[in-house]
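Peer 1: quick one: sequence and predicted model below, then my questions.
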Amino acid sequence: MGRFGSYWGLLVALLGVVSLVVGGLFVAQSVGKSHWIRDRAREEKLTFSLSPEQVAKGNLVDSASEMKKAADTIGEHRRAIAPSYQELLNGGKFDPTNPQHITYSQAMNLENYLYLGVLGFGVTQLILGAGVFMIVVGVALAIIGMVLFVLARRKSKGLVPEPAKT
């Protein structure tokens with residue numbers, strides 16, 4: 001039983017190490033993609049929905065909450081032009097020479113761009129949480145595996161007394 005137990009201990013410890021490595025990769029990918037989304041948003045230099053004080057400090061829309069607030073505001077302004085795309089067209093086709101049609105379509109594009117940024121930040125946060133959880137589980141598994149290995153080795157060498165049989 002000692003040799004078999006030590007193999008189980010090594011297997012559990014190995015699973016712990018794999019969980020640590022994969023969790024670390026999840027965390028690294030999450031942080032990298034979050035920074036990438038933030039940097040791409042900063043390149044656009046969007047200040048819409050920020051207070052004048054924030055704009056004066058050089059702040060940009062580059063976080064999920066700021067992106068959502070800006071997208072919601074743009075959506076409100078877009079719906080002030082027309083409550084829906086169908087009502088904008090009024091049974092006709094899109095006219096690229098009509099400034100109202102152009103403004104509406106550009107507002108939809110920017111609104112969707114910002115909502116995708118919000119979604120992207122949300123996904124990176126979920127992946128970060130999963131990675132941290134995997135690291136915690138990996139540490140626990142590695143410790144448990146090593147304890148099982150050591151106990152199995154001691155038992156096989158007769159260092160751990162057998163429980164009394166009744």
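Peer 2: Structure's in. What do you need?
Peer 1: and for residue 4, the neighbour number?
Peer 2: The criterion is other C-beta atoms under 10 Å. On that basis, residue 4 has 10 neighbouring residues. (Each C-beta comes from the backbone N, C-alpha and C, glycine too.)
Peer 1: tell me which element it is part of?
Peer 2: Under the criterion of DSSP states H and E, residue 4 resides in helix 2-43.
Peer 1: for the very next helix or strand once past that helix, output the C-alpha coordinates as PDB.
Peer 2: Remark: after helix 2-43, the chain's next helix or strand is helix 52-56, criterion DSSP H and E. As requested, C-alpha coordinates have been extracted for helix 52-56 and formatted as PDB (Å, rounded to 0.1, in the frame of the first residue of the first chain):
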ATOM      1  CA  PRO A  52     -14.500  68.800 -17.500                       C
ATOM      2  CA  GLU A  53     -12.200  68.300 -14.600                       C
ATOM      3  CA  GLN A  54     -11.300  64.800 -15.700                       C
ATOM      4  CA  VAL A  55     -10.700  65.900 -19.200                       C
ATOM      5  CA  ALA A  56      -8.500  68.800 -18.000                       C
END
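Peer 1: quick one: stretch 12-32 to chain centroid distance?
Peer 2: Computed by C-alpha atoms, centre = their mean, to the nearest Å, the chain-centroid distance of stretch 12-32 equals 15 Å.
Peer 1: now do the buried residues in it.
Peer 2: Neighbour-count burial for stretch 12-32, with 16 or more other C-beta atoms under 10 Å as criterion, is recorded at 12-13, 15-16, 19-20, 23, 26-27, 30.
Peer 1: could you do stretch 97-111 as well?
Peer 2: Judged by neighbour count (16+ other C-beta under 10 Å), stretch 97-111 contains these buried residues: 101, 104, 107, 110-111.
Peer 1: give me the contact list for it.
Peer 2: By C-beta atoms under 8 Å, 6 or more residues apart in numbering, the list of residues contacting stretch 97-111 from outside reads 71, 74-75, 77-78, 81-82, 85, 88-89, 94-96.
Peer 1: and the residues you listed, which is closest to residue 40?
Peer 2: Distance from residue 40 was checked for each of these by C-beta to C-beta. The minimum falls on residue 71, at 15.3 Å.
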